[in-house]
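Chemist: Prediction below, plus the sequence it came from.
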Amino acid sequence: MTYSPRWPPGTPGRTRRRAVERVLADRLEVALARPAAQQPDWPDPDRARAVVRGLAAGEPLVTPAETRRLLDRLGAVARGEALLLQSGDCAETFADTTEPHLRANLGLLRRMALVLTHAAGLPVVTVARAAGQYAKPRSAAVGADGLPAYRGDIINSGEPDRAARTPDPERMARAHQHAREAMAVVRRLARGDLADAQALHEENRRFVSTAPGGLRHTARVAEIGRGLRFMTGVGAPAPRLGEIWTSHEALLLDYERTLLWIDTEGPEPALSSGLAHFLWIGERTRAPDGAHLAFAELLTNPVGVKIGPGTTPEQAVEYVRRLDPHGVPGRLTLISRMGHDRVREVLPPIVEKVTASGRQVIWQCDPMHGNSRTTASGHKTRRYEDILDEITGFLEVHRALGTHPGGLHLEATGEDVTECTGGPSGLSEADLPARYRTACDPRLNAEQSMGLALTVAELFAAGTTRGTEAPR
Ligand SMILES: O=C[C@H](O)[C@H](O)COP(=O)(O)O
Ligand SMILES: C=C(OP(=O)(O)O)C(=O)O
């Protein structure tokens, strides 16, 4: 039995509980019996089942009350009253479950959010790709090295060795332990110094005064500083930023099926993931008849679906119909990752058709995943200019259609890596090997991310037109 859902305090008596549990267990089994793409072949399925059973008896990381609070915040994004900024590693690794790494990534998320809040004049909901982003979908089962592809630390090891690449179910238990540790750090930092707007601003000030290309953003950062001083001047309490929410791709279903709550707040009892506040379904697992979508349908958490250039407007409307059946603003985020060269052509009919359906979804731009390429040296990379161009195209589409460009979804780290080219320091392909550390896809580094946030702030503030020269 891998299903032992948690009940929030104050829920009905035993007989009623049993009946509800049975109904939801049946729904879960039906959903998970559908075809599931991108799942590992565990060499010892009995062992895998035992690990899943053990996990199901563990501690959830988040509560339904928290995910409902996030849903409420995301409702404001869907209505055009706030923005959503989501960012973090492509693939979290066990080795990087450290306070310095999480602090670097979350601090960057907050610093970008501060700049966007100022430019858009709207609150920014900050969601970290953290405390669970351990599974990766892959294009091919076998990597360039001829070995089984690395699928994330929750499944196998990236070490170039056949035994290390063999899926190991014990890794799910390790992943849960790492997620718990990461979650504790996220909570501590979100309440602690990463809530301090003045301290974050000081870091941004250092960025514009020292980083190449920072100078052109001096005026905006100075204006943020004046705003903060004004608040102190009028005796307002020192501004503190709110929660940091956690998210990951709901990919590995053996993991995702554990630690479910029964959420009793909605029209009828339903399941709520205790593993993260926000979950998304990836481009490779969004098949309408697949297990991932069916699983997401059962949850009350806010959810996202990545939509690539092959998405039809009809498919998008079907995601909306199935994942937001009650029309709750903030429940569904459509994360477009079209590629900079396709976004202006593919996104408009999708937005038009979904808008015509009368539902308020969040439109979020992932400018990373449609813009990957491999260099002659074999480094998977992305060009900063392409990333910026996809965001520009996304903003143009929403401006033209009068819809709200809800936010950004980035793979970015606060560390000084060399994985994407371009940006303020003009990193070239020759620079990539110096600090190429990602476990999977290339991330923006701190300087590139801040350059991007400040440039996007300009686009937000000024409006944007096709052919905007991509500034560095
Ligand atoms: O991070 C996302 C995916 O896992 C990744 O883009 C797939 O990469 P691949 O094409 O190298 O397998
Ligand atoms: C795999 C990812 O994205 P996509 O599904 O859009 O390729 C990701 O965001 O990690």
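Modeler: Good, I have the coordinates. Ligands and ions are numbered 1, 2, ... in the order given.
Chemist: Just after whichever strand or helix holds F207, pick out the following helix or strand.
Modeler: In this structure, F207 sits in helix 197-210 according to DSSP states H and E. Sequence-wise, the next helix or strand beyond helix 197-210 is helix 218-233, with elements assigned using DSSP H and E.
Chemist: Just the buried positions in the helix holding F207, please.
Modeler: 197, 200-201, 203-205, 207-208 (16 or more other CB atoms under 10 Å). In short, each C-beta sits where N, CA and C put it, glycine included.
Chemist: Need the contact partners of it.
Modeler: The set of residues that contact helix 197-210 without belonging to it, under CB atoms under 8 Å, 6 or more residues apart in numbering, is 107, 110-111, 114-115, 193-194, 214-215, 217-218, 221, 224-225, 228, 238-241, 447, 450, 454.
Chemist: I'd like the mean pLDDT over that helix, please.
Modeler: Per-residue confidence for helix 197-210 averages out to 96 on the pLDDT scale.
Chemist: cool, stretch 359-377 as well?
Modeler: In this model, stretch 359-377 has a mean pLDDT of 97.
Chemist: what does stretch 309-328 give?
Modeler: Along stretch 309-328, the predicted local confidence has a mean pLDDT of 97.
Chemist: Check stretch 35-46 too.
Modeler: If you average the pLDDT values across stretch 35-46, you get 98.
Chemist: which parts of that stretch are buried?
Modeler: By neighbour count on 16+ other CB under 10 Å, the buried set for stretch 35-46 is 36, 38-40, 42.
Chemist: Can it be said to contact ligand 2?
Modeler: No - judged by CB under 6 Å from any ligand atom, stretch 35-46 stays clear of ligand 2, getting no closer than 9.6 Å.
Chemist: what does that stretch rub up against?
Modeler: The contact list for stretch 35-46 (CB under 8 Å, 6+ apart) reads 48, 137-138, 151, 155-156, 166-167, 169, 251-254, 282, 284-285, 287, 289-292.
Chemist: Of those, just the buried ones, PyMOL syntax please.
Modeler: Applying 16+ other CB under 10 Å to these leaves a buried subset, and the PyMOL line that selects it is:
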select buried, resi 48+137+151+155+156+166+167+169+251+252+253+254+282+284+285+287+290+291+292
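Chemist: As JSON lines, the buried residues of helix 197-210 with distance to P267 would be great.
Modeler: Converted to JSON lines, the buried residues of helix 197-210 look like this (distance: CB to CB, whole Å):
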{"residue": "A197", "distance to P267": "38"}
{"residue": "L200", "distance to P267": "40"}
{"residue": "H201", "distance to P267": "43"}
{"residue": "E203", "distance to P267": "45"}
{"residue": "N204", "distance to P267": "44"}
{"residue": "R205", "distance to P267": "49"}
{"residue": "F207", "distance to P267": "47"}
{"residue": "V208", "distance to P267": "49"}
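Chemist: Among the residues you listed, which one lies nearest to ligand 1?
Modeler: Within the buried residues of helix 197-210, the smallest distance to ligand 1 is 26.8 Å, found for F207 (CB to the nearest ligand atom).
Chemist: Same list, the buried residues of helix 197-210, but only the ones touching ligand 2.
Modeler: Among these, proximity to ligand 2 is found for none (CB under 6 Å from any ligand atom).
Chemist: farthest pair in the residues you listed?
Modeler: A197 and V208 (16.4 Å; CB to CB).
Chemist: Is there a neighbour count for G327? I'd like the number.
Modeler: Each residue near G327 was counted by other CB atoms under 10 Å, and the total is 12.
Chemist: Also G227?
Modeler: For G227, which is what you asked about, the neighbour count (other CB under 10 Å) is 14.
Chemist: And for the one 3 residues further on?
Modeler: When neighbours are defined as other CB under 10 Å, F230 has 10 of them.
Chemist: and if you look at A222?
Modeler: Neighbouring residues of A222 were enumerated by other CB under 10 Å; the total is 12.
Chemist: thinking again about what came up before, as CSV, the buried residues of stretch 35-46 with secondary structure would be great.
Modeler: Rendered in CSV, the data for the buried residues of stretch 35-46 read as follows (DSSP: H, G, I helix; E, B strand; the rest coil):
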residue, secondary structure
A36, coil
Q38, coil
Q39, coil
P40, coil
W42, coil
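Chemist: Just name the closest of these to V351, please.
Modeler: Distances from those to V351 were compared by CB to CB; the smallest belongs to Q38, at 27.6 Å.
Chemist: Distance of the residue nearest to that closest one when sequence neighbours are not counted relative to G143?
Modeler: For Q38, the nearest residue in space outside its immediate sequence neighbours is P137; the separation is 4.5 Å by CB to CB, 6 or more residues apart in numbering. When distance is defined by CB to CB, to the nearest Å, P137 is 14 Å away from G143.
Chemist: quick one: secondary structure of P288?
Modeler: For P288, the assignment made with three-state DSSP gives coil.
Chemist: residues contacting it?
Modeler: With contact set as CB under 8 Å, 6+ apart, P288 has these partners: 315, 318, 322.
Chemist: could you flag which of those are buried?
Modeler: Q315.
Chemist: Out of the contacts of P288, which is nearest to ligand 2?
Modeler: When the contacts of P288 are compared against ligand 2 (criterion: CB to the nearest ligand atom), the nearest one is Q315, at 14.7 Å.
Chemist: Could you double-check that V346 lies in contact with T311?
Modeler: Yes - the pair V346 / T311 is scored as a contact, 7.4 Å apart, by CB atoms under 8 Å.
Chemist: Find residues that contact each of these two.
Modeler: With contacts defined as CB under 8 Å, 6+ apart, no residue is adjacent to both V346 and T311.
Chemist: For P267, give me the pLDDT.
Modeler: What the model reports as pLDDT for P267 is 86.
Chemist: How about it: what's its closest non-neighbour residue?
Modeler: In space, P267 is closest to H326, 7.2 Å off (CB to CB, 6+ apart).
Chemist: Any idea how many residues pack against the one you found?
Modeler: Residues within reach of H326, counting by other CB under 10 Å, total 7.
Chemist: Tell me how far it lies from ligand 1.
Modeler: Plainly put, H326 is 31 Å away from ligand 1 if you go by CB to the nearest ligand atom, to the nearest Å.
Chemist: Quick one: buried ones out of the contacts of helix 197-210?
Modeler: For those, a neighbour count by 16+ other CB under 10 Å gives the buried set as 107, 110-111, 114-115, 194, 214, 217, 221, 224, 228, 239, 241, 447, 450, 454.
Chemist: Sketch out the strands for the stretch 201-350 of the chain, chain order is fine.
Modeler: If you assign secondary structure with DSSP state E, counting those that start in this stretch, the strands in the stretch 201-350 of the chain sit at 244-249, 260-263, 270-273, 278-281, 303-307, 332-336.
Chemist: What strands flank the longest one, and is each parallel or antiparallel?
Modeler: Going back to what we said before, that points to strand 244-249. Using DSSP bridges, the strands paired with strand 244-249 in its sheet are strand 124-129 (parallel), strand 278-281 (parallel).
Chemist: tell me the most buried of these?
Modeler: strand 124-129 (a mean of 28; mean count of other CB atoms under 10 Å).
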